[in-house]
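**Student:** okay, sequence plus prediction incoming.
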Amino acid sequence: MPSIWRKFEHFIPAHAEIDIHSVLKAALAKVSVKGLIPEFEKVLNFALINTNAFPKINLGSNETLDNYLEKWVKMFENGFNSRPSVRASTDLQTVHDDILNHIISCVVEDITQDKITYYVQGHRLLMKAENILGLLLEEYIYTRLKAHGWVCCWGNSLVSIDFITHRNMALQVKNSDNSENSSSDKVRAGTTILKWHRRISSTGEMNWDALNEIAEQGVLSEDDFRAFISEVAANNTSLLIVDSDLS
């Protein structure tokens with residue numbers, strides 16, 4: 001059966017009123033992690049008001065709104081169940097290009113192949129750490145602010161939005177000011193996505209004060225983020241796959 005990427009709006013006739021109660025009831029019935037229902041409901045309510053925030057989902061040509069909602073709920077739940085504190089990390093799927101080793105051996109006098117291999121393994125480990133840094137940042141913010149009315153949009157369940165704040169504002173979180181993507185600042189006219197980044201790339205300065213101002217809290221800091229990472233790493237030995245030669 002052919003498939004196509006479709007958004008929520010595909011299933012809503014042009015200029016038709018959305019039966020919010022029916023959509024809420026249908027979607028909430030599909031949530032299997034019952035403790036997530038209040039958070040999911042807040043994300044869903046935001047998306048029903050800002051329907052462009054719903055993501056595109058790959059569906060069979062004959063699949064319905066009910067199928068869309070089922071897969072969308074799965075995106076949210078899978079994101080929650082894959083957060084760094086509980087996830088089992090996977091290894092890099094790319095194979096190292098040995099020509100890089102040759103370049104280094106030509107440029108760095110008397111360097112041994114063992115040392116080059118060690119550097120390569122260290123570089124790959126840093127790449128793995130970089131791949132989960134954004135996830136750690138999201139989970140840290142979530143753990144510190146969920147008691148203050150914030151919810152995380154797990155699993156890319158909303159387009160370009162990582163959190164719905166206590167004031168029902170959309171927020172996109174990035175690790176650095178030079179890692180922001182090219183996604184739109186708006187999910188629809190009049191709905192601005194706030195943006196925050198943890199660090200300023202040109203100076204290394206941290207930007208937690210700006211997020212504390214948005215949150216109207218003073219609970220977030222670089223020291224606390226590092227303490228959170230230490231706690232997660234201690235409790236989840238599968239957080240990162242480390243080559244035996246480096247461990």
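**Tutor:** Nice, I can see it. Numbering: from 1, shown residues only.

**Student:** can you list the buried residues in the longest helix belonging to the chain?
**Tutor:** Scanning the chain for the helix with the most residues, using DSSP state H, yields helix 113-145. Buried residues in helix 113-145, counted by 16 or more other Cβ atoms under 10 Å: 116, 120-121, 124-125, 128, 132-142, 144-145. C-beta coordinates here come from the backbone N, C-alpha and C atoms, glycine included.

**Student:** now the helices for the protein?
**Tutor:** Applying DSSP H to the chain gives helices spanning 20-28, 37-49, 65-81, 99-107, 113-145, 208-215, 222-235.

**Student:** would you mind listing the outside residues contacting the shortest one?
**Tutor:** With contact meaning Cβ atoms under 8 Å, 6 or more residues apart in numbering, helix 208-215 is reached by 141, 145, 148, 150, 165-166, 169, 171, 194, 196, 198, 218-222, 225.

**Student:** swap the cut-off to 10 Å and go again
**Tutor:** Applying Cβ atoms under 10 Å, 6 or more residues apart in numbering, the contact partners of helix 208-215 are 141, 144-145, 148-150, 163, 165-167, 169, 171, 173, 194-199, 217-225.

**Student:** one more: the first one?
**Tutor:** Here helix 20-28 makes contact (Cβ under 10 Å, 6+ apart) with 8, 11-12, 19, 34, 37, 40-41, 43-45, 47-49, 65-66, 68-70, 72-73, 76.

**Student:** ok, 8 Å please
**Tutor:** Ile37, Phe40, Glu41, Leu44, Asn45, Leu48, Leu65, Asp66, Leu69, Trp72, Val73.

**Student:** and the fifth one, how close does it get to Asp177?
**Tutor:** Taken as Cβ to Cβ, to the nearest Å, the spacing of Asn45 relative to Asp177 amounts to 31 Å.

**Student:** same question for the third one.
**Tutor:** In this view, Glu41 and Asp177 are 33 Å apart by Cβ to Cβ.

**Student:** do the same with the fourth one
**Tutor:** According to Cβ to Cβ, Leu44 and Asp177 sit 31 Å apart.

**Student:** more neighbours, the two?
**Tutor:** Set Leu44 next to Asp177 and count neighbours by other Cβ atoms under 10 Å: Leu44 wins out with 24 against 16.

**Student:** quick check: closest non-adjacent residue to that one.
**Tutor:** Ala27 (5.6 Å; Cβ to Cβ, 6 or more residues apart in numbering).

**Student:** that neighbour: how many residues sit nearby?
**Tutor:** Neighbours around Ala27, by other Cβ under 10 Å: 23.

**Student:** for it, give its distance to Asn101.
**Tutor:** 52 Å.

**Student:** and the longest strand for this structure?
**Tutor:** For the chain, the longest strand by residue count, based on DSSP state E, is strand 191-199.
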